[in-house]
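*Asks:* A predicted structure for the sequence below; I have some questions about it.
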Amino acid sequence: MMGGGEPYTALEESLLSGEAAARRQWEKTYLDVLGVCCSAEVALVERLLAPLDGVRAVSVVVPSRTVVVEHDPAAVSQSRIVKVLNGAGLEASVRAYGSSGVIGRWPSPYIVACGALLLASSFRWLLPPLQWLALGAACAGAPPMLLRGLAAASRLTLDINILMLIAVAGAVALKDYAEAGVIVFLFTTAEWLETLACTKASAGMSSLMSMIPPKAVLAETGEVVNVRDIGVGAVIAVRAGEMVPVDGVVVDGQSEVDERSLTGESYPVPKQPQSEVWAGTLNLDGYIAVRTMALAENSTVAKMERLVEEAQQSKSKTQRLIDSCARYYTPAVVVLGAGVALLPPLLGARDAERWFRLALVLLVSACPCALVLSTPVATFCALLTAARMGVLVKGGDVLESLGEIRAVAFDKTGTITRGEFSVDMFDVVGHKVQMSYLLYWISSIESKSSHPMAAALVEYAQSKSIEPKPECVAQFRILPGEGIYGEIDGKRIYVGNKRVLARGSSCQTVPERMNGLKGVSIGYVICDGDLVGVFSFSDDCRTGAAEAIRELASMGISSVLLTGDSAEAAVHAQQQLGGALEELHSELFPEDKVRLVGALKARAGPTMMVGDGMNDAPALATADVGVSMGISGSAAAMETSHATLMSSDILRVPEAVRLGRRARRTIAVNMVSSIAAKAAVLALAVAWRPVLWAAVLADVGTCLLVVLNSMLLLGEGRGRRGKEEACRATARSLEMRRSQLAAVSPDAAAKSVGKTGGDASKGCHCCHKPSKSPEHSVAIDVRAGEQRESPTAATCAPAKKVEVTGSVNGPAAPASSSGASVGCCPRETDSTEACKKMAPADLVLNICTTFGL
Ligand SMILES: Nc1ncnc2c1ncn2[C@@H]1O[C@H](COP(=O)(O)OP(=O)(O)OP(=O)(O)O)[C@@H](O)[C@H]1O
Ligand SMILES: [Mg+2]
Ligand SMILES: [Zn+2]
């Protein structure tokens with residue numbers, strides 16, 4: 001965990017009184033702490049808990065008023081922690097497992113008493129002694145403020161509670177009891193309202209946090225065990241309607257699983273033996289037995305939780321700026337306030353009371369809480385929204401960078417394309433080896449590689465009833481950007497592209513017939529220095545890839561393709577995309593990708609790189625925002641990236657950029673309005689009359705507005721999606737089933753394709769618009785192994801720069817009109833505009849729903 005305290009290193013652990021340390025069992029407790037309202041209290045919470053023995057890490061999530069404590073229950077119990085926090089008036093309680101966090105709907109008795117007394121005191125014009133009730137109101141509402149203020153003061157921190165108490169004391173000193181009562185009432189009520197507003201945020205957070213069921217059933221014995229106690233390799237039973245408790249592989253049964261919690265897309269994903277399933281996803285129908293692949297604490301969803309928590313801790317650029325200013329600015333204003341109160345009377349000014357009031361107004365206005373809240377609350381809400389739509393963003397910094405992106409570099413294999421290759425052609429060259437041997441060698445070596453092409457080759461061999469034997473392979477090596485090498489049966493074998501041909505064989509001429517092939521990746525097999533086999537692959541673009549690139553273009557973001565594959569394959573992808581990409585770069589080594597991303601950064605500005613493979617990791621790290629594809633993508637890419645798309649839906653890329661932009665705008669609005677409100681109050685005080693309650697209202701009011709405005713980000717992307725989302729989802733799940741069907745029986749798939757193909761020509765099956773999307777039908781045709789046709793439209797191309805680096809056979813194919821392939825459900829850009837315009841109405845709506853009106 002970052003920020004709140006570092007985990008013990010092994011060394012420190014051993015330095016701890018040996019035995020005790022060894023027996024330590026860390027556990028995480030989630031606490032609802034209603035008293036946390038400002039960043040000032042974060043320091044307080046940390047100072048309170050960190051010194052306790054047995055507490056390893058403390059993290060405070062301000063927007064959802066959650067404190068996460070990692071502690072050893074044997075050394076310090078949950079109730080002890082709660083007691084310590086409540087001792088400082090922080091109103092802490094342990095969050096029950098799976099509960100939705102803060103529930104306090106009703107105002108505390110202090111607020112009620114304060115309000116009632118204040119109301120009664122307003123009749124003082126009838127009965128003057130009633131004015132004392134206002135003093136009573138101030139006293140009734142003050143205890144929680146007083147407790148927190150004292151706790152902060154005793155630790156030499158200056159917080160909002162102290163400032164407010166000074167203001168109340170000042171009002172009392174001026175014998176203005178009504179004002180004192182109003183200040184206390186406004187302050188406590190605003191805090192309560194803020195807590196209510198935060199319920200939404202914390203509900204969102206716990207819906208992320210507590211998806212994993214606490215218990216699981218062992219398949220063999222039927223025994224119910226704690227999820228934490230399940231080891232790797234155990235087989236657990238998951239019945240219909242249950243959550244999958246641990247990441248694993250299905251070993252028995254068949255079912256459909258809703259992976260929305262991870263991918264943000266809710267449609268049933270079919271699972272059968274060998275399919276991977278993830279913790280936190282919902283088994284919809286059917287029984288499956290799952291062999292676990294990770295401990296519960298290492299499951300993907302647990303990693304996600306940790307990331308969202310950590311993202312809260314890592315401060316963004318804007319936030320750091322505010323923090324560093326706040327440090328100087330609060331003491332400066334206290335000094336200034338004292339000066340304003342004392343100097344003019346000392347210099348002989350007549351109106352001492354006015355100056356004193358002015359000083360109090362200055363002090364209250366000095367509270368930076370709205371400004372300090374303006375970034376973290378917005379960041380938190382945006383991160384939560386991102387996570388819910390299946391984009392895991394690792395921190396506020398990344399979110400801010402997302403909003404600045406001017407160029408996107410896409411990897412080809414597995415990012416723009418599906419990464420599901422099919423072998424179109426496989427031929428033996430020469431008479432040195434037989435086909436069956438060749439296939440046996442290749443599939444054995446390839447089964448040690450994780451490249452998408454490897455899977456296709458292994459499958460191809462298996463379809464010819466040849467079983468790979470990876471255990472017979474020696475000296476296996478990956479040659480980045482080229483292919484692989486391995487030794488089997490005493491033969492030294494290279495498999496890969498043209499470069500491998502140059503490396504491994506003396507004959508460097510490409511066989512005659514290979515020159516005619518266009519739009520496919522070609523592979524070579526070299527055995528002991530001789531070319532012995534050639535094969536060709538094809539791979540299709542993902543649905544939505546063209547749409548995503550066009551959407552980026554409409555946002556003023558240019559897209560380029562970086563691939564390790566051949567120029568022909570790059571051009572083929574560009575054709576399938578309808579010429580949407582601005583530049584193509586092919587036959588790249590990993591370091592070329594890094595260089596090109598750097599060049600793009602220098603030329604176009606902040607750059608995003610989207611990739612999936614091992615060879616993308618350095619480029620991902622170089623980009624301003626590196627986005628890795630999918631949970632099933634390469635682990636290295638996921639580690640080095642700044643954000644991960646949990647699903648393979650590439651349309652999330654423009655959506656994430658849009659979210660980043662919205663977040664930046666929200667933060668700017670928050671900051672400007674919180675500064676403007678203070679400035680207005682100060683101007684009013686100087687020009688007219690210092691009104692203390694107005695200053696308090698401006699302070700707590702802007703705090704509340706900042707929170708509510710930030711929460712608009714929680715709804716981002718919801719209304720706009722809906723129907724079209726459902727439409728795309730069904731289309732995709734149909735497609736998936738079809739491809740599964742194709743794997744089992746190509747005939748059946750072809751039939752089903754024929755049917756849908758017919759539909760596609762008439763219109764989209766769900767929105768009934770005439771389908772103009774060649775992308776749609778082509779994808780299907782290719783799947784079924786029918787005649788492939790490129791989706792080039794009849795309209796001629798707009799002048800677009802298509803730059804192809806690397807060698808190309810023949811001139812680059814003309815880019816087809818990018819306007820031609822409109823998906824069946826175009827994303828309504830107009831409705832996005834409408835959404836933006838609705839913001840003020842949204843705010844009202846948000847306030848109403850938040851307070852249950
Ligand atoms: N396991 C393998 N089997 C056969 N060929 C391979 C293998 N690994 C790599 N190659 C060859 O090397 C080329 C470059 O591989 P690399 O991993 O750098 O890029 P890629 O993943 O194909 O493309 P992209 O960069 O778009 O993801 C591939 O196009 C392929 O021709
Ligand atoms: Mg790749
Ligand atoms: Zn404040």
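*Replies:* Thanks, I have it. Since the structure is predicted, the reported quantities are computational estimates derived from the model, not experimental observations. Numbers count the residues shown, from 1 in each chain. Ligands and ions are numbered 1, 2, ... in the order given.
*Asks:* What helices and strands are in contact with whichever strand or helix holds residue 437?
*Replies:* Taking DSSP states H and E as the criterion, the element that holds residue 437 is helix 435-446. When contacts are defined as 3 or more Cβ pairs under 8 Å, 6 or more residues apart in numbering; DSSP states H and E, helix 435-446 sits against strand 422-428, helix 452-463, strand 483-488, strand 491-496, strand 521-527, strand 530-538. Backbone N, C-alpha and C define where each C-beta goes, glycine included.
*Asks:* got the CA positions of the second one in CSV?
*Replies:* Backbone C-alpha positions of helix 452-463 (Å, rounded to 0.1, in the frame of the first residue of the first chain) are rendered in CSV as follows:
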residue,chain,number,x,y,z
PRO,A,452,-1.2,-15.6,-30.7
MET,A,453,0.3,-17.1,-33.8
ALA,A,454,1.6,-20.0,-31.7
ALA,A,455,-1.8,-21.0,-30.6
ALA,A,456,-3.0,-21.1,-34.2
LEU,A,457,-0.2,-23.3,-35.3
VAL,A,458,-0.7,-25.7,-32.4
GLU,A,459,-4.4,-25.9,-33.2
TYR,A,460,-3.6,-26.5,-36.8
ALA,A,461,-1.4,-29.4,-36.0
GLN,A,462,-4.0,-30.8,-33.7
SER,A,463,-6.6,-30.6,-36.4
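*Asks:* quick one, domains of this protein?
*Replies:* Domain assignment for the chain by automatic domain parsing gives 214-298, 422-538, 722-771+820-850.
*Asks:* Quickly, which of those bottoms out on average pLDDT?
*Replies:* Summarising mean pLDDT across the domains of the chain, the least confident stretch is domain 722-771+820-850, with a mean of 42.
*Asks:* so how far is residue 595 from residue 589?
*Replies:* The span separating residue 589 from residue 595 equals 9 Å under the rule Cβ to Cβ, to the nearest Å.
*Asks:* quick revisit: tell me the angle the helix holding residue 437 makes with strand 422-428.
*Replies:* Inter-element angle recorded for helix 435-446 and strand 422-428: 130 degrees (by axes from the mean of the first three to the mean of the last three Cα atoms, to 10 degrees).
*Asks:* gap between helix 435-446 and the chain center?
*Replies:* Taking the mean of its C-alpha atoms, helix 435-446 sits 41 Å from the chain's own mean (Cα atoms, centre = their mean, to the nearest Å).
*Asks:* now do stretch 558-572
*Replies:* 27 Å.
*Asks:* now for it, what's the gap between its first and last residues?
*Replies:* Using Cα to Cα, to the nearest Å, the end-to-end distance of stretch 558-572 comes to 19 Å.
*Asks:* How about that stretch and ligand 1, touching?
*Replies:* Yes. Shown here: stretch 558-572 in contact with ligand 1 (Cβ under 6 Å from any ligand atom) through 563-565.
*Asks:* Ligand 3 contacts on the stretch 551-700 of the chain?
*Replies:* When proximity is defined by Cβ under 5 Å from the ion, the stretch 551-700 of the chain lies next to ligand 3 at residue 699.
*Asks:* For this structure, which residue gets nearest to ligand 1?
*Replies:* When distances are taken as Cβ to the nearest ligand atom, the chain reaches nearest to ligand 1 at residue 564, 2.4 Å away.
*Asks:* Quick check, residue 674 in contact with residue 367.
*Replies:* No. Under the criterion of Cβ atoms under 8 Å, residue 674 lies out of contact with residue 367, with a separation of 10.2 Å.
*Asks:* Which pLDDT value belongs to the residue of the stretch 601-750 of the chain found nearest ligand 3?
*Replies:* As assessed by Cβ to the ion, ligand 3 sits closest to residue 699 within the stretch 601-750 of the chain, at 4.2 Å. Residue 699 is assigned a pLDDT of 84 by the prediction.
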